[in-house]
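Novice: all I have is the shape, not the residue letters:
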């Protein structure tokens with residue numbers, strides 16, 4: 001705790017200095033002569049020792065509290081300055097059966113594509129302070145796992161708790177993308193983005209994914225696509241569980257976004273950092289420092305002590 005006007009604390013010893021420096025003042029005294037018989041019957045009223053000490057101490061306490069209040073006690077508090085970015089981000093996560101394939105290395109261990117996405121995706125979401133983030137999952141069908149919300153911790157938890165089979169094991173990319181666009185279409189945010197994770201080929205969607213992407217361009221919604229897996233149809237068309245990177249690239253280009261090719265966990269981490277740079281978060285704004293004043297507490301104490309002193313003096317007078 002510090003003081004806004006610390007020099008005023010020099011006034012604290014002023015009453016003591018006045019006591020020693022000012023000339024003494026003659027006390028007003030008086031006497032009443034009464035007959036001895038009456039004087040013998042007069043008994044001095046008992047006076048509480050504690051009350052006398054309190055009456056002598058209260059003026060000093062009042063003076064101390066007043067000076068401290070005038071000095072302006074308080075502290076500087078640092079508040080993290082969190083802005084509302086005006087950006088809505090919808091994640092569209094592929095939960096098809098191929099996401100179970102363990103061909104990613106994470107922390108030196110072989111892990112599935114989904115586990116890698118869950119780890120990195122949750123970190124990405126937690127870093128989006130100031131944005132509204134939502135999650136759509138898709139397999140045979142698409143579902144909204146988490147609506148758009150500023151509670152990024154709950155969305156990150158939903159990402160880590162996603163399991164394959166909850167929405168079927170096929171790959172309805174167009175349905176997942178369409179549902180994400182529908183949710184963002186109802187938003188009035190100044191910037192709207194879809195981040196699509198997929199490792200396969202659209203197999204059950206009723207509309208071609210590239211046609212859905214054309215709609216996104218008219219809605220002014222960018223789509224960043226992430227093609228997961230070591231093989232794709234362009235370089236190895238006969239590979240099992242190859243990703244349709246060409247379609248994902250077309251989706252991104254139609255919407256003004258970017259397609260990222262990811263073959264391992266390290267590339268996935270780099271891609272999420274790149275999307276963070278493309279869609280900067282306002283959480284990097286400097287913190288705000290605010291002065292929190294405490295003068296009201298010593299001022300209130302001085303008022304309470306003055307009220308107590310007045311009550312004691314009236315009791316003595318009565």
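Specialist: Yep, that arrived. What you see is a predicted model, and the numbers here were worked out from it, not measured in a lab.

Novice: which parts of the stretch 101-250 of the chain are helices?
Specialist: Counting by DSSP state H, counting those that start in this stretch, the stretch 101-250 of the chain forms helices over residues 113-126, 152-160, 173-185, 209-218, 245-255, given from the N-terminal end onward.

Novice: ok, which of those helices comes nearest residue 19?
Specialist: Distances from residue 19 to each of these were compared using C-beta to C-beta; the shortest belongs to helix 152-160, at 61.8 Å. Just so you know, the C-beta spots here come from the backbone N, C-alpha and C atoms, and that holds for glycine as well.

Novice: which strands and helices sit next to that closest one?
Specialist: Helix 152-160 is packed against strand 87-94, helix 113-126, strand 132-138, strand 142-149, with contacts defined by 3 or more C-beta pairs under 8 Å, 6 or more residues apart in numbering; DSSP states H and E.

Novice: would you turn these into JSON lines with mean pLDDT and mean neighbour count?
Specialist: Supplementary listing: those in JSON lines, determined by pLDDT from 0 to 100; neighbours: other C-beta atoms under 10 Å:
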{"stretch": "strand 87-94", "mean pLDDT": "92", "mean neighbour count": "26"}
{"stretch": "helix 113-126", "mean pLDDT": "91", "mean neighbour count": "22"}
{"stretch": "strand 132-138", "mean pLDDT": "94", "mean neighbour count": "26"}
{"stretch": "strand 142-149", "mean pLDDT": "92", "mean neighbour count": "18"}
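
Novice: re the thing from before, just the helices of the stretch 101-250 of the chain: most buried one?
Specialist: Scoring the helices of the stretch 101-250 of the chain by mean neighbour count under mean count of other C-beta atoms under 10 Å gives helix 173-185 as the most buried, with a mean of 24.

Novice: that one - contacts with which helices or strands?
Specialist: strand 87-94, strand 132-138, strand 142-149, strand 191-198, helix 209-218.

Novice: between helix 173-185 and the shortest one, find me the angle.
Specialist: To tie it back to what came earlier, the one meant is strand 132-138. The directions of strand 132-138 and helix 173-185 differ by 160 degrees, with axes from the mean of the first three to the mean of the last three C-alpha atoms, to 10 degrees as the criterion.

Novice: strand 132-138 pairs with which strands?
Specialist: Listed by DSSP bridges, the sheet partners of strand 132-138 and their directions read strand 87-94 (parallel), strand 142-149 (antiparallel).

Novice: what angle do the first one and strand 191-198 make?
Specialist: Translated: strand 87-94. Angle between the axes of strand 87-94 and strand 191-198 is 10 degrees (criterion: the same axes, to 10 degrees).

Novice: ok now strand 87-94, how far from the chain's centre?
Specialist: Once both centres are worked out by C-alpha atoms, centre = their mean, to the nearest Å, strand 87-94 turns out to sit 21 Å from its chain's centre.

Novice: what is the least confident helix or strand in this structure?
Specialist: Averaged element by element with mean pLDDT, DSSP states H and E, the chain has its least confident helix or strand at helix 36-41 (a mean of 69).

Novice: residue 61 is nearest to which of the helices and strands packed on helix 173-185?
Specialist: With respect to residue 61, and counting by C-beta to C-beta, the nearest of these is strand 142-149 at 52.3 Å.

Novice: which residues does the closest one contact?
Specialist: 88, 90, 92-93, 132-137, 154-155, 158, 162, 166-167, 172, 175-176, 178-179, 183-184, 187 (C-beta atoms under 8 Å, 6 or more residues apart in numbering).

Novice: that concludes my questions; thank you for your assistance.
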